[in-house]
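# what follows is a predicted protein model with its sequence.
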Amino acid sequence: MIAGRSLFGNSSRVSPPTPRADLVFPPELDPAHYRMIHADLWTYALDEAAAHYAARGKAEGRQPNVLASREMFRDLAAGLGDILEIGPFSRPLFRGPHVTYFDVLDRAGLTHLGTQLGLHEGSQIPDIHFVSATGDLTIVPGTFDVVASSHVIEHQPDLVRHLNQVAAVLKPGGYYFLWIPDKRYCLDHFQAESTIAGVLAAAAEQRTFHTLETLLAQDLLRAHNDSRRHWLGDHGGPVHDNPVETIRLVRDLHEASRARGEYVDRHAWQFTPDSFRTIVALLDALGLIALRPLRVYNTLFSHNEFWAILMKPG
C-alpha cells in the first residue's frame with residue numbers, strides 16, 4: 001500500500017503558516033514584465049505578449065517574469081521561516097541559524113567525496129545536522145516552514161515516498177522549493193521523459209534502489225552536460241565508447257550493489273517543467289501525496305534547470 005496523507009497526523013512543532021505567503025511568489029508568466037524586458041515586444045498588447053510567449057518565447061527560453069537566476073528564486077524563501085535543506089554538499093543554498101542540513105554523508109564524508117571528485121569547495125561544506133545513507137527523511141524531528149533541494153529529486157528511487165517524507169517535515173502551509181534538471185538540456189537529453197506510469201510503478205514496488213534499467217539507461221544514453229550547447233541544438237551523441245563493455249560493467253555493478261545493500265547514485269527521473277507539473281498534480285489528485293504544485297517556472301535559455309514550489313495545504 002502506498003503511503004499517503006495518513007503520514008502527516010503526528011508532525012511536531014506545528015505552528016500557523018505565514019499568512020498568504022503564496023501570493024508574493026511571481027506568476028509563471030507576467031505578460032507586462034515579459035513585454036517590458038524584451039524590446040521586440042514593446043508594441044504588443046498584454047494578451048499579444050502572452051500569446052507570443054506561448055507560441056515562441058517559452059521554446060526560446062525567454063525570461064517570462066522577474067526571476068532571472070537561481071539566486072533570485074532562492075530569495076523567494078527569505079523570511080518564510082525555518083528551512084531544511086536537503087543535500088547541500090559543497091554549495092548550500094541557504095546559510096544562517098534558521099537553516100538545518102540533511103545529507104547522505106556527514107561533513108567529513110562529504111569533504112572526502114569532494115576531494116575524490118576534484119572539487120575545491122571543501123570549506124563551503126556545512127556541518128550536517130541529520131545524516132541518512134539512504135536519504136530517509138523520517139530521522140528528522142519536528143517540522144519546517146520551507147524544505148529546499150537542488151538537483152536531488154531526480155535521484156530518488158521512489159518519488160512518491162520522497163514527496164511524502166518532505167510533506168511530513170513541512171508545517172501546514174509550508175513550501176518545498178526545488179531546483180530540478182531539465183532533461184532536454186543536461187546529460188539526460190537522450191533519455192525518455194518520465195511518466196506517471198513509471199512513478200506509480202516505483203511506488204508500488206517501494207523501491208529503495210535503482211533498477212538495472214535505470215542504471216543502463218543513464219550510462220548507455222548519457223549526453224554531454226553543456227546546457228548552452230543543448231539549447232543551440234548541439235546534442236552530440238551518447239558519450240559511452242563501448243556499449244557491450246558498458247552493459248557488462250553496469251550489470252556487475254547492479255548485482256554487487258544489491259548484494260551489499262548499497263545505493264548506486266543515478267538519475268531515476270527525467271523531467272521537463274510540463275511533465276513535472278503534470279505528474280505532481282496527478283499524484284495530488286489521486287490522494288497519494290500531501291503536496292500540490294504552486295509554481296513551476298520554465299527553464300531559461302542556457303540554463304539546465306527549472307524551479308518549482310510545491311505547497312503543503314494548511
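That came through fine. Numbering: from 1, shown residues only.

# SS state for Arg229?
Here Arg229 is recorded as helix under DSSP: H, G, I helix; E, B strand; the rest coil.

# look at it and report its pLDDT.
Looking at Arg229, its pLDDT is 98.

# one more: Leu7?
29.

# now the helices for the chain?
Under the criterion DSSP state H, the chain contains helices at 31-37, 46-52, 58-60, 70-75, 107-116, 159-168, 196-205, 212-220, 227-231, 243-260, 273-285.

# turn those into TSV, including distance to Phe130.
Every residue, glycine included, has its C-beta placed from N, CA and C. Putting the helices of the chain into TSV (distance: least, CB to CB, whole Å) gives the following:
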stretch	distance to Phe130
helix 31-37	39
helix 46-52	44
helix 58-60	38
helix 70-75	21
helix 107-116	12
helix 159-168	12
helix 196-205	24
helix 212-220	26
helix 227-231	32
helix 243-260	24
helix 273-285	25
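
# would you turn those helices into a markdown table with mean neighbour count?
As requested, those are exported to a markdown table (neighbours: other CB atoms under 10 Å):
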| stretch | mean neighbour count |
| --- | --- |
| helix 31-37 | 17 |
| helix 46-52 | 16 |
| helix 58-60 | 13 |
| helix 70-75 | 14 |
| helix 107-116 | 14 |
| helix 159-168 | 23 |
| helix 196-205 | 16 |
| helix 212-220 | 18 |
| helix 227-231 | 18 |
| helix 243-260 | 13 |
| helix 273-285 | 18 |
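
# nearest to Pro181, out of those?
For the helices of the chain, the distance to Pro181 is smallest for helix 227-231, at 9.2 Å, taking CB to CB.

# okay, that closest one in CSV with CA atoms only?
C-alpha atoms of helix 227-231 as CSV (Å, rounded to 0.1, in the frame of the first residue of the first chain):
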residue,chain,number,x,y,z
SER,A,227,23.4,23.3,-21.3
ARG,A,228,24.2,26.1,-23.8
ARG,A,229,25.2,23.6,-26.5
HIS,A,230,21.9,21.7,-25.9
TRP,A,231,19.9,25.0,-26.2
